Each structure stands twice: as C-alpha cells, then as structure tokens.
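Chemist: Sequence unavailable; structure follows:
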C-alpha cells in the first residue's frame, strides 16, 4: 500500500502548470546575494576540453557529443504506466534521452538502475554504498546531509559561477520562485555545491479531509474552530455514522509516524499554533525549534483526550499509512489531515468501496477561530551534485534548461514530453525533473476562471488536460468514476481552491531554517527526532503530559542546544 501511495502522489503532481503564469515570478532571477557576488568573478576554464559548445549558451550543443552518467531508480509508475504502454522506448533509449542527445549533444548513461521508488530501502542502500565507495557518477542526486558530506570531503564541483553563466532565464526564474531557500540549502562555505531541484512547498499545505456524508447524516456543520473538530471526531466515534449498530468507527485517522502528507498531525497541531519539525522566529528574532514549544503540550493534551475517548484507533502506534488507508477504505474513519492529493489516495479507496460516500477538503482551523497560519516546510529534497574533475560540470544545468523549456517554456511540447494522453508521467523518463512550484494552483486558477466564464476553449497545456479529466468524471462511466479524486482536487469544491485561498490570504508560515545540515544535526538529528516522536506517541496514548517537559530538557542536553546555536549562527549570516 505504501508504494501505491507514492505512485498516486506522483500522478497528482504530474498535471501541474501552464507556462503563461510563470511571469509572475520574473522579478527573481537567481540565487542568493552571496552567490551572485561570487558569480561576478571571471568564469575559469576549468573542465575545458577539445569538445566545443555552440556559442556556450544555455542550450548550446556539445560537438562531438559527451557522456554524462547518473544513478537512477525505475519506479512502478514509469515501468508500468509509461514504458509499459510506449512502443520503441526503453529506460535507456527514449524521447528524453534522444532529445538531450539531438539538441544538447549529451548522451545519458546510467551507472546503475534500481527498481522502485527513490525512497525505497533498496535504492537508498545502493546510493549509500556508491557514496561510501567514492566511485561517483558524473552527476549524483543527493539529500542535504549527503551533499554536506561530499562537499566536506572535496568530492564535488563548485557550481557558483557555472550556474550564473549557463542557467537559462527560465531556469533561474523557476528555481527562485520560492526565494533563496533552495540555494541556501546547497550553499556551503559561500559556494553553490549543487543544483537544487525545486519541489513545491505550497503543495505541502494541510487540509482537513472530512466525510461530508457522515456530517450530513449526523446533522453536523464543517468545523470553524478546533472545538468543532473535536466535536465532529467525537460524533463520528460515538454516533454510529456507518449505521451498522456498532461502535466501530474512529473520528481521526493517524499513523504511527505522526507526520506526513496523509493521516499526519501537522495540520491538527497548527490549530494550536504548534509547529513541530520547523524552526520559527521568536519574539526576539532568534530561531527556536517548534517541537519543544509549550503550544505543543496543549495539542498533545487534546489528542490524549481524543484517544481516551476512543476517537483514535487504540493501535495507531503500530499502523503505517498502508494499514490506516485500509481502515479508511473500509469506512471506519471519517476525518484525516493531509495534502491536496489525498482524494486520489487514500480516499478514492473508500469511494471505490462505498460509491455513496463523499469526502471534501476544508481549510485547517484554529483554537480561537481566527485565521490560522498554515505550516510549510522547505521541500526541496533532491540536489544534483557534480563529481569533482568531471570535464563538463555545466552539462547538468543544460539538462535543467532543456527539461524546463520543453515542458514549460516558449517551445513547450506538453503532449509529447510532459503528459501525453497514453503515458501521463513520461516526464519522469528524464534524469532531472525540475518544474514550477505554483503549477497546481495556477492550473486550478485557469480552470476555475474558465468554469466561471463558461468557456473552456481557452485552456491550454496542463489545465486543458486536467479539465478533460473533470469532463470524463462527469461521464458517469466506470472510467470516469475512477477520476473522482481529481474532481475533489480541481473541481468547484476542490482542495486546490483552498490552496488558492491560503495563498491569497498570505496564510503560509515557512520554515525559517533552510540551510545545509549543521554539524550537530548530521550527528544527532535522527536521535532527537526519534526521541520526540516516541514522547509524543507515549503522551497521546495516555502517558503523563508532563513527560513533554522532560523531553524538552533531554532534547536540549542531547544536542538540541548546540543545534539551536548553529542554526542561529547560520541565520545571522543569511540576514547580513
């Protein structure tokens, strides 16, 4: 089930943008100020060879062609839904590899390929072995901790000046749409040590997904305060919403991991102004860790009350997302906090089993009833570093340029390179897959404007493709029924409409720390996260709420205080 979740999420973020909206962010065109200063220096001739680059421009072609090696994963989505339906294309030889060869003179080579998602144990183990061996491919995708380790051991290239010289205006525009954060994350000792593949923090916004057929049956209204959320949860657990005469339903779905894009606690906690897993600015302007703030204690007390009342599964501490999704599918849970794609997974599973069930996303609410802040963590998790000594480190930037141009630029061929009807995830055949960060909400805005005008003929690219799915949903066919999840995202009551509302109301609260992991984070972060999650779970399941105070002290002693110092040292430097 876990793989199915990833598979569907990948689909949910694949129909995302129309390029005409990109100009909204054109005032930002590059990395942070410190990087720009470094880039003013003359670009050295390091890496020069007999290979020529046409005009040395962002889309210039190497002649003769060059080889660029990667390490890759082959996901179920690509294997089954793309390569499984395309003729004459393989993971090694396909429309993207041919495009890069024909237009850039770059031959994509895979040092190794692991089947499965890039979060799978097999992939991560293989990647760690590669990093430990020192036998790196020319371009390697890494997370923040791995990047820091490679930079500290002098195994990767400084990309600062190369980015300024070779990144196209479109690439600079798109990679800076969330500000300097992506570049701060890959800047080590003042040097840009990788190219960040920007994901959308905006699309990690939380909603309350509620079974509205249960609301109607029990005579309840959508929540406006956290007290309303608790009242709905209590009613769903006690008042037999499924009508089977048994007390076998739960108010709120929750997994053992506590956090994440589905069935997590980020949105619930935010209702109490509690923001675990984030760094926040306090009244004095210093950064503090959200997971140890007193507001968390109050939220945990509320969750404990819900647990004691039977509104949470008494065994949630042993159930992962797959197990909880099975409970949702079987109609035993009526509410969960999650991201915009939750209607596709896990909620579509319930719709399949109970066609008369109905779910809807609602904005998160606060304890006071005031407009709450919606927490957003910096979500760029993949950085492309270049092996030290590779003759053409700028090649990865050119790949970024062409991928963005053919999907979202003036010469875009959306139906060929991004989402052709027969293979909607074909963009994933490329080894790099950058994309605009507001693509989902921009597509929604275009569709909503067309819907209100009663004229869909003006829709283009992605918005047009999504609207075709909404039209198919209305067809009342078996195939159309399977698109219910899409209608719950982009329809008149869709979750993207709430993203639009959040954005226009300036409700987002961004994580203040977006730098590379500090030395103590590398050493102690996983231990501290485990301690926090275990303490929270223990309290929710009936332990003394005062355990939170002990956790705060232990967190500080076990490295938290030192991490806080290092985070604030970084923060002071970034504000200069």
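Modeler: Sure thing, it's come through. Note that the structure is predicted; figures quoted are calculated from it, not measured. Residues are numbered from 1 along each chain as shown.
Chemist: hey, where'd the helices end up in the stretch 251-400 of the chain?
Modeler: Taking DSSP state H, counting those that start in this stretch, the helices of the stretch 251-400 of the chain run over residues 266-270, 294-308, 321-329, 347-353, 395-408.
Chemist: need the strands for the stretch 401-550 of the chain, in chain order.
Modeler: Remark: strands assigned in the stretch 401-550 of the chain by DSSP state E, counting those that start in this stretch are 508-510.
Chemist: Show me the contact partners of stretch 138-158.
Modeler: With contacts defined as Cβ atoms under 8 Å, 6 or more residues apart in numbering, stretch 138-158 is touched by 67-71, 118, 127, 130-131, 134, 136, 185-186, 188-189, 191-194, 197, 381-390, 393, 395-396, 431, 516-517, 521-522. Yep, even glycine has a C-beta here, placed from its N, CA and C like the rest.
Chemist: Among the helices of the stretch 251-400 of the chain, which comes closest to residue 89?
Modeler: Each of the helices of the stretch 251-400 of the chain was checked against residue 89 via Cβ to Cβ, and the shortest separation belongs to helix 395-408, namely 15.9 Å.
Chemist: what packs against the closest one?
Modeler: Applying 3 or more Cβ pairs under 8 Å, 6 or more residues apart in numbering; DSSP states H and E, one finds that helix 395-408 makes contact with strand 66-74, helix 95-99, strand 106-115, helix 160-166, helix 169-175, strand 195-197.
Chemist: Next, the buried residues of the fourth one.
Modeler: In terms of neighbour count (16 or more other Cβ atoms under 10 Å), helix 160-166 has its buried residues at 160-164, 166.
Chemist: sorry, back to before: just the buried subset of the contacts of stretch 138-158, please.
Modeler: In these, burial by neighbour count holds for 68-71, 118, 127, 130-131, 136, 185-186, 188, 191-194, 197, 381-387, 390, 393, 395-396, 431, 516-517, 521, counting by 16+ other Cβ under 10 Å.
Chemist: Please report how far the nearest residue to residue 368 once chain neighbours are set aside lies from residue 290.
Modeler: Leaving out its chain neighbours, the residue that sits closest to residue 368 by Cβ to Cβ, 6 or more residues apart in numbering is residue 225, at 7.2 Å. Counting by Cβ to Cβ, to the nearest Å, the gap between residue 225 and residue 290 amounts to 22 Å.
Chemist: Settle it for me: which of the two has more neighbours?
Modeler: The neighbour comparison of residue 225 against residue 290 (other Cβ atoms under 10 Å) goes to residue 290, with 21 against 15.
Chemist: Count the neighbours of the closest residue to residue 390 other than its chain neighbours for me.
Modeler: Of all residues beyond its chain neighbours, the one nearest residue 390 is residue 138 (4.7 Å), with distances taken as Cβ to Cβ, 6+ apart. By the criterion of other Cβ under 10 Å, residue 138 has 20 neighbours.
Chemist: Likewise for residue 530?
Modeler: Residue 530 is flanked by 10 other residues according to other Cβ under 10 Å.
Chemist: same check, this time on residue 286
Modeler: Each residue near residue 286 was counted by other Cβ under 10 Å, and the total is 14.
Chemist: heads up, I number from 562, so please use that
Modeler: With the count now opening at 562, the last piece we talked about shows up as residue 847.
Chemist: residue contacts, it?
Modeler: Applying Cβ under 8 Å, 6+ apart, one finds that residue 847 lies in contact with 1129, 1132.
Chemist: how does it look with 10 Å?
Modeler: Contacts here follow Cβ atoms under 10 Å, 6 or more residues apart in numbering; on that basis residue 847 touches 841, 1073, 1125, 1128-1129, 1132-1133.
Chemist: wait, which of these is closest to residue 877?
Modeler: The shortest gap between residue 877 and any of the contacts of residue 847 belongs to residue 841, at 27.1 Å (Cβ to Cβ).
Chemist: what's the closest of the helices of the stretch 812-961 of the chain to residue 1041?
Modeler: Minimum separation from residue 1041 across the helices of the stretch 812-961 of the chain (Cβ to Cβ) falls at helix 908-914, 12.3 Å.
Chemist: which helices and strands sit right next to that closest one?
Modeler: Other helices and strands packing on helix 908-914, by 3 or more Cβ pairs under 10 Å, 6 or more residues apart in numbering; DSSP states H and E, are helix 563-573, strand 768-772, helix 882-890, strand 920-924, helix 1039-1042, helix 1045-1051.
Chemist: tell me the mean pLDDT over the longest one?
Modeler: It stands for helix 563-573. On average, the pLDDT along helix 563-573 is 36.
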